[in-house]
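>>> For reference, the sequence and a predicted model appear below.
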Amino acid sequence: MSEQQPARHVPVMLSRIVDLLAPALTAPGSVHVDCTLGLGGHAEAILTRCPEARLIGIDRDPQALAYAKERLAPFADRVTLVAAVYDELPQVLADLGTPRVQSILADLGLSSLQIDRADRGFAYAVDAPLDMRMDGSQPLTAAAVVNTYSAADLQRILSRFGEERFAPRVARAIVTAREVEPFTTSARLVSVVADAIPMAARKTGGHPAKRTFQALRIEVNRELAALDGLLPAAVAALALGGRLVVLSYHSLEDRAVKNVLRVASEDRAPRGLPVVPPGFGPELALLTRGAEKPSAEEISTNPRAASARLRAAERIEDVA
């Protein structure tokens, strides 16, 4: 590990994820796709547990890909890394000549690299430039959002992406403050947001800026739009017997995952038929009952796991 390599993070629900995916990766040449490679912790465990499998690792963050490449160097002959956003999964698989794969993991949200690097601007607990880009080459930054979006647009993203009850107040406060001086770093934004939220409401629900920062991050990186593209593509890419695991970290993500997996696990016959005809059964069988949560023991050693919700499914029928 180089001096620039960050301290090894603790992958969330690692053992459970490996246990869910490994049964699909026993055959020679089986393919596992990590749609959100990050620092490569989950991928490393899969490659270790499943010596017949090869990995396609996708991430939009060039720094993450560089760190993961170093971490996964012992498995280099079984690893292909791709710089892409995860909703580009169909094109990535087509380019590699692998339209169907045996397992897919999507660990949504921020990687440890993005959280721990103050200069990336994701954390509200430290003063840093208002960046929040997962890919530094994209033009839109959090600073651009807070300094140029109208009050109505700010209210919309705060309400939709942050589920902020006080979105109108926060949006007005941001617009008023930027007229005095544009926002450049996180500390001033945190102060303005906190002051806009009623004192009584600041005592519950975590840090008062948490929802605003979540909303800005989602807007900057098109996270929910990308997720809406990824989920059906991931289901379609599973070979028969293939397995999909998704880790979500807030209700907006988990709701989208739940809905897609629910629909794919229901039969597709017209309503009212007494018997489901062959070929109209469910595509997927759910492998989890609802959303699984990390154990109390895991949360105590890795507090970042606390909000994680895991859902998994297996393809049981091909669809023409």
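Thanks, I have it. Numbering: from 1, shown residues only.
>>> can you give me the helices in the stretch 201-320 of the chain?
Secondary structure of the stretch 201-320 of the chain by DSSP state H, counting those that start in this stretch: the helices cover 210-221, 223-237, 251-264, 296-301.
>>> what about residue 144, how many residues close to it?
14 (other C-beta atoms under 10 Å). All C-beta spots, glycine's among them, are computed from the backbone N, C-alpha and C.
>>> any idea how far it is from residue 153?
12 Å (C-beta to C-beta, to the nearest Å).
>>> circling back to that earlier point, turn the helices of the stretch 201-320 of the chain into CSV, columns for mean pLDDT.
Below are the helices of the stretch 201-320 of the chain laid out as CSV (pLDDT from 0 to 100):
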stretch, mean pLDDT
helix 210-221, 93
helix 223-237, 95
helix 251-264, 95
helix 296-301, 93
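>>> Could you export those helices as TSV, including distance to residue 81 and mean neighbour count?
Formatted as TSV, the helices of the stretch 201-320 of the chain follow (distance: least, C-beta to C-beta, whole Å; neighbours: other C-beta atoms under 10 Å):
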stretch	distance to residue 81	mean neighbour count
helix 210-221	20	24
helix 223-237	18	19
helix 251-264	24	18
helix 296-301	28	12
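>>> which residues of the stretch 1-150 of the chain fall in strands?
31-34, 54-59, 79-83, 101-107 (DSSP state E, counting those that start in this stretch).
>>> Make TSV out of those and add distance to residue 128, mean neighbour count and mean pLDDT.
Output for the strands of the stretch 1-150 of the chain, formatted as TSV (distance: least, C-beta to C-beta, whole Å; neighbours: other C-beta atoms under 10 Å; pLDDT from 0 to 100):
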stretch	distance to residue 128	mean neighbour count	mean pLDDT
strand 31-34	28	27	98
strand 54-59	21	24	97
strand 79-83	24	18	97
strand 101-107	23	25	97
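>>> Same list, the ones you listed, but as JSON lines with distance to residue 294 please.
Listed next are those as JSON lines, based on distance: least, C-beta to C-beta, whole Å:
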{"stretch": "strand 31-34", "distance to residue 294": "19"}
{"stretch": "strand 54-59", "distance to residue 294": "23"}
{"stretch": "strand 79-83", "distance to residue 294": "27"}
{"stretch": "strand 101-107", "distance to residue 294": "13"}
